[in-house]
Structure formats: C-alpha cells, structure tokens
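# A structural model of the following input is requested.
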Amino acid sequence: MIYKITFSCDEGDQNFRRVFEADSEATFLDLHKAILESVNYPDDQMTSFFMCNDRWEKEQEVTLVEMGASFEYDNMIMESTRLSDLMTEQGQRLIYVFDPMFERYFFGKLQEIEPGMMDGAKCVESKGKAPKQLKADDMEAIVGKDGKGDLDLDDLGFGDEFDMDELDMDGFQDLSFDDGTMF
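So this is what the prediction gives:
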C-alpha cells in the first residue's frame, strides 16, 4: 500500500505544506529523512514522531534513538518501526517534532491509502517556506553566555505580558536536592 501523508505547521508561513508518499512497509526513519530533505534541515536533532488522537493529544512515540520507555507505551525506534505498524487507517494523525528543545511540530495526517508499492518515502508536493529550525547559536542568543540573551521575548511567544522583573528568583534559592526534602 502507498500512504499519502500531509504535514503542515502552525507557525511561520501559513502556506507551508509538505505531502509525502510512502510505502506502508517503509520505516519512520525513511519518512524522517524525507521530511528533513524537503525542508533542508540538518539531521542533528533528537526528533521523534507521536501518533495522536483526534484532539492532537500525543500517544505512542517513535524515537530516533532508543530512549527509556514510558509506562503507557512501548519504546519504538524509527529505524525498526514500519509505518504500517502504527498507521492503519485513513485520517490518522501524527506529530513530527522537528525542534525538541522548544517542542515545535509539524502536524501530519494520513490523507489516503492507495494500492501499490514504492521504495521508502518521498516528498511529492512542497508549498511554502519551512519555519527556521533553531540551532545552538539561537539558544545562546536566548540565554547568552552570561545568562542575558539579546533575543526579544516576543520572538519566543511570551508577548508583552511577560515581565522578567516579576520573576521571584529568591524562591529558587531554598531548593536543595541533597537533603531529600524535594521528594
């Protein structure tokens, strides 16, 4: 079977959309590589997929490398998990986490399942500009070498309502992990 999966994003270019065709026996790693190629992102992030319910709530995770399994779901790895293992019906939703540091996603939906076979996964439609994938340099701009970054908080989505002066740092001084009072 051939899956047609559409991804979009709720930030940046509102016309952003990528459509992929993938063999049902292709792995999530095949889809991951096709996504990265379509948006020109480097393969240097700990990306993952999440299967979602109809309200976009995360369920089963498929990770790039083996991680500790949650109590609720098995640990699934992109390289050994076929799309058909988790995607069985048209309309299924999934999230691709392209920026794990700031939890930024592409929202995907299995649009069609058609008879046929192909190798791996490929992008068949590309519209709009992909949002920028943050890098280590951007993180330094946020927190800075001295803890005071030069990136405007509006760029992070805090807006005008966030006031750094209102943050009470004194309350954090009493936290200690050594005396066992935290747990």
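
# and the longest helix for the protein?
helix 28-39 (DSSP state H).

# I'd like to know which elements it is packed against.
strand 17-23, strand 48-52, strand 93-99, strand 121-127 (3 or more Cβ pairs under 8 Å, 6 or more residues apart in numbering; DSSP states H and E). C-betas here are computed from N, CA, C, even on glycine.

# quick one: which of those strands is nearest Asp30?
Closest approach to Asp30 among those (Cβ to Cβ): strand 121-127, 4.5 Å.

# please identify the buried residues of the closest one?
The neighbour-count check on strand 121-127 (16 or more other Cβ atoms under 10 Å) flags 121-122 as buried.

# hang on, the earlier thing: right, so of the helices and strands packed on helix 28-39, which gets closest to Ala34?
strand 121-127 (4.2 Å).

# which parts of stretch 5-25 are buried?
So for stretch 5-25, counting by 16+ other Cβ under 10 Å, buried means 5-9, 16, 18-24.

# related to what we said a few turns ago, take the helices and strands packed on helix 28-39 and lay them out in TSV including distance to Asn75 and mean pLDDT.
Below are the helices and strands packed on helix 28-39 laid out as TSV (distance: least, Cβ to Cβ, whole Å; pLDDT from 0 to 100):
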stretch	distance to Asn75	mean pLDDT
strand 17-23	22	97
strand 48-52	11	96
strand 93-99	16	94
strand 121-127	22	96
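
# okay if I get those as TSV plus distance to Leu36?
Formatted as TSV, the helices and strands packed on helix 28-39 follow (distance: least, Cβ to Cβ, whole Å):
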stretch	distance to Leu36
strand 17-23	11
strand 48-52	13
strand 93-99	8
strand 121-127	10
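
# which ones are touching the closest residue to Ala121 other than its chain neighbours?
Nearest residue to Ala121, sequence neighbours excluded (Cβ to Cβ, 6 or more residues apart in numbering): Ala22, at 3.5 Å. By Cβ atoms under 8 Å, 6 or more residues apart in numbering, the contact set of Ala22 is 2-3, 5, 30-31, 34, 83, 118, 120-122.

# next one: Glu59
With Cβ under 8 Å, 6+ apart, Glu59 has these contacts: 50-53, 73.

# which parts of the host helix or strand of Asp85 are buried?
Per DSSP states H and E: Asp85 is located in helix 83-86. For helix 83-86, the neighbour count (16+ other Cβ under 10 Å) marks 83, 86 as buried.

# could you tell me the angle between the helix or strand in which Lys109 is found and strand 48-52?
Per DSSP H and E, Lys109 falls inside strand 104-114. Using axes from the mean of the first three to the mean of the last three Cα atoms, to 10 degrees, the direction of strand 104-114 lies 60 degrees away from that of strand 48-52.

# thanks a lot, catch you later.
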